[in-house]
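**Student:** Task: produce atomic coordinates for the following.
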Amino acid sequence: MSPLWTSEEIAQATGGTAAASFDVSGVAFDSREVEPGHLFIAMKGEATDGHRFLDKAFAAGAAGALVSEDSAHPNVRVADTTAALNDLGRAARARTAARICGVTGSVGKTGTKEALYAALDRSAPGTAHRSVKSYNNHTGVPLSLARMPRETRFGVFEMGMNHAGELAALTRIVRPHVAIITAIAPAHREFFASDADIAEAKAEIFQGLEEGGTALVPFDSAHRDLLETRARRHADRVLTFGLGQGADIRARDVVGAPGGGSLVTAILPESELTFTISQPGTHWVSNAMAVLGAVEALGGDLAAAGLALADMPGLKGRGERHRIALAGGGEALLIDESYNANPASMRATLATFATLKPSGRRIAVLGGMKELGAESEAFHAGLAGRVEAACVDYAILVGEEMRPLAKALGQNVKTAHVGSAAAATEIVRDEVRAGDAILVKGSNSIGLAALVEALASGKS
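**Tutor:** Numbers count the residues shown, from 1 in each chain. Next up, the predicted model:
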């Protein structure tokens with residue numbers, strides 16, 4: 001296989017000057033992620049300067065660097081490394097013949113991106129590429145593009161935003177053939193006057209669609225009409241997906257499957273597919289409809305996509321499940337939803353939690369939801385009915401944002417309200433018994449991933 005980039009190609013793409021000849025097999029701007037053969041991009045930020053980590057990057061095996069200062073290491077020198085990263089991303093997009101999909105939404109975008117990647121990789125093994133982790137912002141998107149091999153047949157890129165105008169810039173770099181909006185919900189509400197404004201900002205993804213492109217819009221959204229109207233300005237074809245009668249791509253029949261997933265019969269404009277989704281929850285059924293629509297629009301194999309959805313494991317921080325052995329014998333189920341949270345994803349996760357039938361109790365460790373602005377108290381208190389409907393036996397609430405929920409639950413649910421993930425960890429350790437199911441969900445900054453790590457690994 002040819003190198004990802006040569007120093008000459010990097011210099012040409014960025015307008016830089018190569019101090020040495022080298023080939024690279026990967027790209028990173030975090031020295032902790034550098035592997036042998038990588039290009040290290042020494043970016044300057046508000047908190048630090050990547051040039052300080054050049055020695056560390058090369059000690060880890062970097063083959064070359066993109067720099068804006070003098071360096072003794074093999075490098076390409078540019079005026080601005082952040083601008084050069086964008087240039088490299090654009091060059092990667094320009095040189096590929098791959099079919100590209102962009103994914104955004106208030107909830108479900110990372111899971112949908114991963115599911116679509118799995119489906120396309122099953123269709124064309126080894127030739128699909130996607131954003132890793134949640135690299136979906138102004139630096140993560142061009143980095144993910146720059147990492148795309150020239151032989152790629154399918155590319156899937158997640159795009160996020162918390163302000164208007166951000167998606168418009170990202171989608172024009174990605175230039176997708178297919179664009180998906182998973183759902184609209186009050187995420188980042190602090191920066192928007194209404195959910196309709198969030199929908200407007202998410203609809204910016206359609207502005208980058210290539211000629212003949214396809215837009216996939218959530219049929220069951222209250223903002224469907226707005227999204228369809230915005231999509232028609234840029235898309236050759238607009239398709240709706242979801243659960244409701246009338247959706248272009250819909251789940252006609254849904255029944256529970258062993259292991260907590262769903263057996264689904266999906267109806268598409270030109271085909272029908274019966275398959276299993278390994279992931280539990282109605283929201284995953286809707287996400288799967290978007291995946292199938294994108295696979296068909298991109299020219300992938302629908303049957304292979306169905307197999308991929310059946311085999312898809314839980315994602316770290318987004319539904320991964322652990323069986324944890326207890327010191328006194330037996331085990332408990334730990335459900336890791338610790339990566340992020342907003343009102344819509346909290347409701348969906350609690351609804352899925354309600355379907356579990358543990359032999360023991362349901363324990364919910366819920367962290368505060370960030371960036372909800374003036375309505376934060378109401379959004380948190382509003383979860384009380386969902387917690388009660390999920391038959392939660394013990395709610396452990398983490399962070400000041402959760403105070404309204406603790407008050408709203410009152411005497412109906414046993415509740416503890418603590419200030420940190422560490423305090424919650426101690427409560428769970430003291431409380432958990434064999435047969436219990438433990439749900440962990442909150443905004444990433446609450447730090448509940450540390451609780452999951454501690455419980456899953458048995459660390460103190």
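**Student:** which residues in the stretch 51-200 of the chain form strands?
**Tutor:** 64-67, 75-77, 99-104, 128-130, 154-158, 178-181 (DSSP state E, counting those that start in this stretch).
**Student:** Could you identify which of these is most buried?
**Tutor:** strand 178-181 (a mean of 30; mean count of other CB atoms under 10 Å). The C-beta positions use only the backbone N, C-alpha and C, and glycine is treated the same way.
**Student:** by contact count, what packs against it?
**Tutor:** Strand 178-181 sits against strand 99-104, strand 214-218, helix 282-298, with contacts defined as 3 or more CB pairs under 8 Å, 6 or more residues apart in numbering; DSSP states H and E.
**Student:** before we move on, the earlier item: for residue 18, which of the strands of the stretch 51-200 of the chain is the nearest?
**Tutor:** Proximity to residue 18 (CB to CB) singles out strand 75-77 among these, at 5.0 Å.
**Student:** so what strands line up beside the closest one?
**Tutor:** Strand pairing for strand 75-77, using DSSP bridges, gives strand 17-18 (antiparallel), strand 64-67 (parallel).
**Student:** Helices along the stretch 301-450 of the chain, start to end?
**Tutor:** 302-311, 343-354, 376-381, 384-389, 403-409, 421-431, 448-457 (DSSP state H, counting those that start in this stretch).
**Student:** Quick check: which of those helices is buried the most?
**Tutor:** helix 343-354 (a mean of 22).
**Student:** Is residue 254 bridged to anything, and to what?
**Tutor:** As for beta bridges, residue 254 partners with residue 264 under DSSP bridges.
**Student:** Any idea how many residues pack against it?
**Tutor:** 15 (other CB atoms under 10 Å).
**Student:** got the contact list for residue 421?
**Tutor:** 367, 398, 446, 447, 448, 450, 451 (CB atoms under 8 Å, 6 or more residues apart in numbering).
**Student:** Skipping adjacent residues, who's closest to the fourth one in space?
**Tutor:** Nearest non-adjacent residue to residue 447, counting by CB to CB, 6 or more residues apart in numbering: residue 421, 4.2 Å away.
**Student:** same question, the first one
**Tutor:** Nearest in space to residue 367, with sequence neighbours left out and distances taken as CB to CB, 6+ apart, is residue 442 at 1.9 Å.
**Student:** Kindly report the same for the fifth one.
**Tutor:** Across the structure, with CB to CB, 6+ apart as the measure, the residue nearest residue 448 apart from its sequence neighbours is residue 338 (4.0 Å).
**Student:** since we're on that neighbour, how many residues are nearby?
**Tutor:** Other residues close to residue 338 by other CB under 10 Å number 27.
**Student:** Please apply the same query to residue 263.
**Tutor:** 15.
**Student:** In this structure it contacts residue 276, no?
**Tutor:** Yes: with contact defined as CB atoms under 8 Å, residue 263 counts as touching residue 276 (5.4 Å).
**Student:** which residues do those two both contact?
**Tutor:** With CB under 8 Å, 6+ apart, residue 263 and residue 276 have common neighbours residue 257.
**Student:** Check the gap between residue 57 and residue 146 for me.
**Tutor:** To residue 146, residue 57 is 16 Å away according to CB to CB, to the nearest Å.
**Student:** any idea of the mean pLDDT for stretch 336-354?
**Tutor:** Here stretch 336-354 scores 91 as its mean pLDDT.
**Student:** before we move on, what about stretch 23-41?
**Tutor:** 97.
**Student:** before we move on, back to that, Serialize the strands of the stretch 51-200 of the chain to a markdown table and add fields for mean pLDDT and distance to residue 88.
**Tutor:** Shown next, in a markdown table, are the strands of the stretch 51-200 of the chain (pLDDT from 0 to 100; distance: least, CB to CB, whole Å):
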| stretch | mean pLDDT | distance to residue 88 |
| --- | --- | --- |
| strand 64-67 | 98 | 8 |
| strand 75-77 | 98 | 10 |
| strand 99-104 | 98 | 16 |
| strand 128-130 | 98 | 15 |
| strand 154-158 | 98 | 15 |
| strand 178-181 | 98 | 23 |
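**Student:** right, and the ones you listed - which one's nearest residue 342?
**Tutor:** The nearest among the strands of the stretch 51-200 of the chain, by CB to CB, is strand 99-104 at 14.2 Å.
**Student:** Give me the sheet partners of the closest one and which way each runs.
**Tutor:** Partners of strand 99-104 in the sheet, by DSSP bridges, are strand 154-158 (parallel), strand 178-181 (parallel).
**Student:** what's the residue lying closest to residue 105 once chain neighbours are set aside in contact with, if anything?
**Tutor:** Nearest non-adjacent residue to residue 105, counting by CB to CB, 6+ apart: residue 182, 3.0 Å away. By CB under 8 Å, 6+ apart, the contact set of residue 182 is 103, 104, 105, 106, 107, 108, 109, 112, 218, 286, 287, 290.
**Student:** is it true that the residue nearest to residue 448 touches residue 455?
**Tutor:** No: look at residue 338 against residue 455 with CB under 8 Å: they stay out of range, at 10.8 Å.
**Student:** coming back round to it: nearest approach to residue 98 belongs to which of the helices of the stretch 301-450 of the chain?
**Tutor:** Per CB to CB, nearest to residue 98 of the helices of the stretch 301-450 of the chain: helix 302-311, 17.1 Å.
**Student:** list the helices and strands that closest one packs on?
**Tutor:** Partner elements for helix 302-311 (3+ CB pairs under 8 Å, 6+ apart): helix 109-123, strand 271-277, helix 282-298.
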